[in-house]
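Student: generate a structure from the sequence data that follows.
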Amino acid sequence: MFIQTGYIYHIKDDFFNKVNDSGLMTNHENGHTRPTYLTIKDGDILWFIPLSSKIAKYQALINQKIKKYGDCKSIMIREIAGKKTAILLQNAFPTLEKYIDHPHTINGNPIKVINSLEQEILNNFKYLISLKNSGINLFFANIDNIKKIMLNELTSP
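Tutor: Presented below is the predicted three-dimensional model:
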């Protein structure tokens, strides 16, 4: 499978079983393979950012963060494939291509975010990573531990 930044995928249960991190969102909801994940390719590591249709829930969280901090880069609400979508950067995590189940499609076509939105997401993600590197962690999952597990898989025979 050819994986690219800006496309949306579903992930296999094997990943969640492997890393066993309570900070990760549940992979299945009401029998569906949800949430879908926007992908950022970083060499062999893929960063998955969960997407949600629960706009009211996440808009309230955005409003709280803006009121408290003056800004919110950890959650975005934008239109993807014609629908308002919450982009949950705070729930991002690293994984590997082997854990991708399938691309998210509409009418058989893989879904990609528009380039301007992709760039905005990348900028916010890099900002959150820089905060983490300076000691302010806004990620829910233990991304350092998950990345270590993924890198170990790449180097193990």
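Student: now do the helices in the chain.
Tutor: Using DSSP state H, the helices of the chain run over 13-19, 55-69, 115-133, 143-155.
Student: got these as a markdown table, with mean pLDDT columns?
Tutor: Shown next, in a markdown table, are the helices of the chain (pLDDT from 0 to 100):
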| stretch | mean pLDDT |
| --- | --- |
| helix 13-19 | 88 |
| helix 55-69 | 95 |
| helix 115-133 | 95 |
| helix 143-155 | 93 |
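Student: can you check which of those gets nearest to E79?
Tutor: Proximity of these to E79 was assessed by CB to CB; the nearest stretch is helix 115-133, lying at 8.2 Å. For every residue, glycine as well, the C-beta is placed using N, CA and C.
Student: ok, I75 to D101 distance?
Tutor: 25 Å (CB to CB, to the nearest Å).
Student: rewinding a little: in CSV, list the helices of the chain along with mean neighbour count and distance to Y37.
Tutor: Converted to CSV, the helices of the chain look like this (neighbours: other CB atoms under 10 Å; distance: least, CB to CB, whole Å):
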stretch, mean neighbour count, distance to Y37
helix 13-19, 15, 10
helix 55-69, 13, 16
helix 115-133, 15, 12
helix 143-155, 15, 14
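Student: could you save the ones you listed as TSV and add columns showing distance to N109?
Tutor: Rendered in TSV, the data for these read as follows (distance: least, CB to CB, whole Å):
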stretch	distance to N109
helix 13-19	25
helix 55-69	24
helix 115-133	17
helix 143-155	29
